[in-house]
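**Q** Structure, please.
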Amino acid sequence: MKFQVLRLAFTDTSSIQNLIADFLAGEESPTFEHLRNAIQDDRTYLYVAKTGHKIVGYCLVYKFPSIYSTHNLAYLYDIEVLQEYRRHGIGRALILKLKEQLANDNVNELWLGTSTDNKSGQALFSKTGAEKSDETFNDFTYEL
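**A** So this is what the prediction gives:
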């Protein structure tokens, strides 16, 4: 399967609209303007995988400065590939492209969390070089 991986820019109008429609539509969907403004911030990395004009996967990462070193840190907030396009190397390609860019941007650590029953996600992260922690975490949320 042929696909390309690219970082969305705030000028990628049709791709932003497609991403919202195909992946982010829901009760509290982001507006076009909100998503456009978010990716205009150079600390937000939004990569998409496309076959032709169709977005078949994406990943979202946030970069921020470390207070422990002179490097930056990054958090992989979300990665998703449409069900019918899974197991074609798209998730792997998204992560590898992202890691390459982050390394060029003085990021020395990328981390993420996933559910304990997400075996396919855990396999993907291991195959792309992530090391699994021996710790188990609980997820807490503040609604503000």
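
**Q** And the contacts of the lengthiest helix in the chain?
**A** For the chain, the longest helix by residue count, based on DSSP state H, is helix 90-104. Applying CB atoms under 8 Å, 6 or more residues apart in numbering, the contact partners of helix 90-104 are 3, 5, 7, 45, 47, 49, 56-59, 61, 63, 74, 76, 79, 81, 110, 124-125, 127-129. (Glycine included, C-beta is placed from N, CA and C.)

**Q** From the chain's centroid, how far away is it?
**A** On the basis of CA atoms, centre = their mean, to the nearest Å, helix 90-104 sits 9 Å off its chain's mean C-alpha point.

**Q** repeat for stretch 35-50
**A** Averaging C-alpha positions (CA atoms, centre = their mean) puts stretch 35-50 9 Å from its chain's average.

**Q** In stretch 103-119, which residues are buried?
**A** Buried residues in stretch 103-119, defined by neighbour count with 16 or more other CB atoms under 10 Å: Val107, Leu110, Leu112, Thr114.

**Q** So which of those sit within helices?
**A** Using DSSP H, the subset of the buried residues of stretch 103-119 located in helices is empty.

**Q** will you turn these into a markdown table that also has distance to Arg86?
**A** Listed next are the buried residues of stretch 103-119 as a markdown table, based on distance: CB to CB, whole Å:
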| residue | distance to Arg86 |
| --- | --- |
| Val107 | 27 |
| Leu110 | 22 |
| Leu112 | 18 |
| Thr114 | 15 |
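
**Q** Would you format those as TSV with distance to Gly26 and pLDDT included?
**A** Converted to TSV, those look like this (distance: CB to CB, whole Å; pLDDT from 0 to 100):
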residue	distance to Gly26	pLDDT
Val107	30	96
Leu110	27	95
Leu112	22	93
Thr114	20	90
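
**Q** where exactly do the helices run in this protein?
**A** 13-19, 32-40, 90-104, 119-127.

**Q** Please list the residues outside the top strand by length along the chain that contact it.
**A** Taking DSSP state E as the criterion, the chain has its longest strand at strand 54-65. With contact meaning CB under 8 Å, 6+ apart, strand 54-65 is reached by 3, 15, 18-19, 22-23, 43-50, 72-82, 85, 90-91, 94-95, 98, 102, 105, 107, 110.
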